[in-house]
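[1] give the three-dimensional model of this entry:
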Amino acid sequence: MTRSGRLRVALSINAVIVVAQVVAGVTAHSLGLLADAGHNLTDVAAIVISLVAVRLAFRRPTAQRSFGFHRATILAALANAVLILVITVFIAVEAIRRFDHPEQVQGGLVLIVALAAFVINAGSAVVLRERGNDLNMRSALLHMTGDAGASLAVATAGLVILLTGGWYWLDPAASLLVGVLISWQAWKLLRASIDVLLESTPQDLDLAQLTQAIDDVEGVESAHDVHAWCLSSDVRALSAHVVVEGHPTLEEAQAVGELVKTAMGNRFGIAHATLELECEACAPAGDECGMDDLSTAAPAQVHRH
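    Predicted structure coming up:
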């Protein structure tokens, strides 16, 4: 099933869950259920955002957006992470208030609805799970797994309340605990999204190793001013100044450039590479000469000094 198809399935399921949990939460006076419904409501919004982002990512590049819409998935992940953090703050505030003013909770109803929500959320998480590292899909999966955990915690609290006929404080405690756990995951997702938007070097990519790999390509004397970043979770880009051996013709230099691109694509997953080909280094070692050149560099230029 495609990513869009899996997101649609999860969207339909969660829309039903939200309605059921809100009705049951109000009836049972359970903050835990209402908190879980709040997380599921963010799921609905998050999945809609993710679904739109997936569709945008497949749109063709335009003159205004020459790299296409790959960043739409990162913006979706960022929005989802912020959404999780915001809703968790509201739930935490209400949970703290409930500790001072506990309300009688119908443990049986809470147990039944929460268990049903757990099964459905866990199923949605299985549907959305994939081997890739797409931040957009990770954000949607985080919503599902977080809500599955929340539902399980609420069900446990409901069971204890049902068996003891009291211990109503467990209901807000469960919502508070789940909120803390989900917030930690949301924070990590937020940082990962910001790293992509700031064009940071991918965490699993060693820039020194990348530079050395370029140096090792046949026909390359050295490489400097190497930059690697992500357009999205799945698309990596590279720019570098590459000093070629001798004084080759333009055709020979371009052939070396193609070897570099192939090597970087196979080993480091670089999908788009912009190389400034030079016969001599354009600046003393250690100087950053690329920041001024990036806007004008052609994919395969030869500089003769």
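[2] please make it C-alpha for all contacts and neighbour counts, starting now.
    Fine.
[3] nearest residue to Q185 other than its sequence neighbours?
    Distance criterion Cα to Cα, 6 or more residues apart in numbering; nearest residue to Q185, sequence neighbours excluded, is L142 at 7.5 Å.
[4] can you read off the pLDDT for that neighbour?
    On pLDDT, L142 comes in at 72.
[5] so it is in which element?
    For L142, the host element (DSSP states H and E) is helix 135-164.
[6] tell me where the stretch 201-305 of the chain has helices.
    207-215, 250-268 (DSSP state H, counting those that start in this stretch).
[7] would you list those in CSV and tack on mean pLDDT?
    Below are those laid out as CSV (pLDDT from 0 to 100):
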stretch, mean pLDDT
helix 207-215, 91
helix 250-268, 90
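[8] on that earlier part again, wait, doesn't the residue nearest to Q185 sit right on S183?
    No: counting by Cα atoms under 8 Å, L142 stays clear of S183, with 10.3 Å between them.
[9] the two: which has the busier surroundings?
    It is L142, of L142 and S183, that has more neighbours when counted by other Cα atoms under 10 Å, with 23 against 20.
[10] any idea how far I87 is from the more buried one?
    Distance, L142 to I87, by Cα to Cα, to the nearest Å: 14 Å.
[11] also N80?
    According to Cα to Cα, N80 stands 11 Å off from I87.
[12] out of these two, which sits in the more crowded spot?
    Between N80 and I87, N80 has the larger neighbour count (other Cα under 10 Å), namely 27 against 17.
[13] what about the helix or strand harbouring that one, average pLDDT?
    Assigned by DSSP H and E, N80 belongs to helix 71-100. Averaging pLDDT along helix 71-100 yields 79.
[14] and for stretch 47-55?
    Stretch 47-55 shows a mean pLDDT of 71.
[15] I'd assumed L238 was in contact with E276.
    No: with contact defined as Cα under 8 Å, E276 does not reach L238; the gap is 11.1 Å.
[16] now stretch 115-129, how far from the centre of its chain.
    With Cα atoms, centre = their mean, to the nearest Å as the basis, stretch 115-129 stands 20 Å off its chain's centre.
[17] any idea what V244 is bridged to?
    V220 (DSSP bridges).
[18] what's the burial count for it?
    26.
[19] same thing with A208?
    9.
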